[in-house]
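>>> the amino acid sequence is not available; the structure is as follows:
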């Protein structure tokens, strides 16, 4: 793609109200636009990152038997009345034109909706287990929308729901999802701690979160290097059961969670399955979430420097950024040559074809954070190659086109 085709641009300054690192860099880099407090548009660069994160999640969910679907964002209040959650104040209420119509809310979660759907299709032992997920915009009436994409009123989330014949089968799948989540976070470039957290009225026991250490985090966890588990401060204080004397304490961002729901939702909707003897049995459920837009924000919080963002190659908006630093026709032709060659290899490539000074191009490249920067100039052409610099390194090396392709393939 050519950079001149973007209608968005980088910004030198933004509002002083934006204190979080992710808000500052994503706004300045032209990844997002702030429409109102906690509400953002995803601009072309930002949407590419969201799509890359979503695709990794999708691949891991599909690998454990998840089937993708999409449920409505507009949810009738009656769903929440059934589970006695309609009084929760984090939902946005939506009034219809006809005062006689049932009120709606903008969905922040979909346990009720998926459970009602399941009552139509889960009838017998042959229909279980089953797992379905969606990647969708969610809404929460946050009284203090802040920290950029970390605490928004509108956000993107993946939610998976599973249905099982027994508690034992649920717990087996619960561990399967845990491993899939660990794979997701490793692939996007986050070190996430599997964390014990408090349960709620609609869970069987304690729940689990995936927490990323970051100064901007609103949670506090106890963690230890080499340990397979961490503890949310809330569960430590509430239960008094966990010895964390040799654990470190730190701020963290919750990027995912998994809940063993048990039968509370299925009971509320009278969801049952019939065994081989014709007897009705309870359905056990699990709920599993990943904050897609929050993952994007967390990556910026933990992977950036004074110049800008440092994207992991797996989620970067582009893998390669080509910068010709002269308007000489020979340099432009050479930049076009390497651009077409790398596109032909299947790489996502951005060509900076703008009429801008080299310093401006380099500054924008660092801010945007694309993993590989290729420089084309009279100097590199005299050496029969191209300048290659990794975003997280300082030095630039000259490579021929075949060596350039090989180096990118090995480093990506």
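Yep, it's here. Model, not experiment: these values are computed from the prediction.
>>> going forward, measure contacts between C-alpha atoms and count neighbours the same way
Noted.
>>> give me the distance between residue 388 and residue 58.
Separation of residue 388 from residue 58 (Cα to Cα, to the nearest Å) stands at 32 Å.
>>> per-domain residue ranges of this protein.
19-305, 320-411 (automatic domain parsing).
>>> of those domains, which is nearest residue 13?
The closest of the domains of the chain to residue 13 is domain 19-305. By Cα to Cα, the value is 6.9 Å.
>>> model confidence over that closest one, on average?
The average pLDDT within domain 19-305 is 94.
>>> number the residues from 95 up from this point.
Sure thing, new numbering starts at 95, so read that last one as domain 113-399.
>>> for that domain, measure first residue to last.
End-to-end distance of domain 113-399 (Cα to Cα): 16 Å.
>>> try stretch 232-249
5 Å.
>>> ok, now stretch 190-208?
For stretch 190-208, the first-to-last residue distance is 23 Å (Cα to Cα).
>>> how far off centre is that stretch?
26 Å (Cα atoms, centre = their mean, to the nearest Å).
>>> list the contacts of that stretch.
With contacts defined as Cα atoms under 8 Å, 6 or more residues apart in numbering, stretch 190-208 is touched by 165-174, 177, 185-189, 232-234, 253, 255, 359, 381.
>>> could you pull out the helices for this protein?
115-122, 138-157, 171-176, 205-215, 261-282, 327-333, 358-362, 386-396, 423-438, 452-462, 472-476, 495-505 (DSSP state H).
>>> for the last one, packing partners?
Helices and strands touching helix 495-505, by 3 or more Cα pairs under 8 Å, 6 or more residues apart in numbering; DSSP states H and E, are strand 480-484.
>>> are any of the contacts of stretch 190-208 buried, and which?
167, 169-174, 177, 185-187, 232-234, 253, 255, 359, 381 (16 or more other Cα atoms under 10 Å).
>>> which ones are touching residue 158?
270-271, 274.
>>> distance of it relative to residue 223?
Distance, residue 158 to residue 223, by Cα to Cα: 12 Å.
>>> pull the contacting residues for the residue lying closest to residue 277 once chain neighbours are set aside.
Setting aside the residues directly before and after it, residue 277 is nearest to residue 154 in space (Cα to Cα, 6 or more residues apart in numbering), at 7.4 Å. Contact analysis of residue 154 by Cα under 8 Å, 6+ apart lists 274-275, 277-278.
>>> next, name the residue at the spatial heart of this protein.
Geometric centre of the chain, nearest residue: residue 386, 2.3 Å, by Cα atoms, centre = their mean.
>>> give me the buried positions along stretch 389-408.
Across stretch 389-408, burial judged by 16+ other Cα under 10 Å covers 389-398, 402-408.
>>> that stretch: how far from the chain's middle?
The chain centre lies 13 Å from the centre of stretch 389-408; the measure is Cα atoms, centre = their mean.
>>> also stretch 317-329?
Mean-position distance between stretch 317-329 and its chain equals 22 Å (Cα atoms, centre = their mean).
>>> how long is that stretch end to end?
In stretch 317-329, first residue to last residue: 13 Å (Cα to Cα).
>>> what's it in contact with?
287-292, 313-316, 340-344.
>>> do the same with stretch 408-427
Identification of contacts with stretch 408-427 by Cα under 8 Å, 6+ apart yields 139-140, 142-144, 146-147, 281-283, 407, 429, 433, 441-447, 451-452, 455-456, 459, 463-472, 475, 506.
>>> ok so, going back, ok, the residue nearest to the centre of the chain touching residue 252?
Yes - the criterion here is Cα atoms under 8 Å, and residue 386 meets it with residue 252 at 6.6 Å.
>>> buried residues in stretch 152-159?
152, 154-156.
>>> brain fart, stretch 236-249
Here stretch 236-249 shows 236, 239-249 as buried, counting by 16+ other Cα under 10 Å.
>>> go on, stretch 118-128?
Residues 118-127 are the ones in stretch 118-128 that count as buried (16+ other Cα under 10 Å).
>>> can I get the domains of the chain in JSON lines including distance to residue 103?
Shown next, in JSON lines, are those (distance: least, Cα to Cα, whole Å):
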{"stretch": "domain 113-399", "distance to residue 103": "6"}
{"stretch": "domain 414-505", "distance to residue 103": "9"}
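>>> need the buried ones from the contacts of residue 154 selected in ChimeraX.
Provided next is the ChimeraX selection string for whichever of those are buried by 16+ other Cα under 10 Å:
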select :274,275,278
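>>> quick check: the residue nearest to residue 277 vs residue 223, distance?
In terms of Cα to Cα, residue 154 sits 18 Å off from residue 223.
>>> how about residue 105?
50 Å.
>>> pairing partners for the lengthiest strand in the chain, with directions?
The longest strand of the chain (DSSP state E) is strand 342-356. Counting by DSSP bridges, the strands paired with strand 342-356 are strand 301-307 (antiparallel), strand 313-317 (antiparallel), strand 378-385 (antiparallel).
>>> and those strands: which comes nearest residue 364?
Of the strands paired with strand 342-356, nearest to residue 364 by Cα to Cα is strand 378-385, at 11.9 Å.
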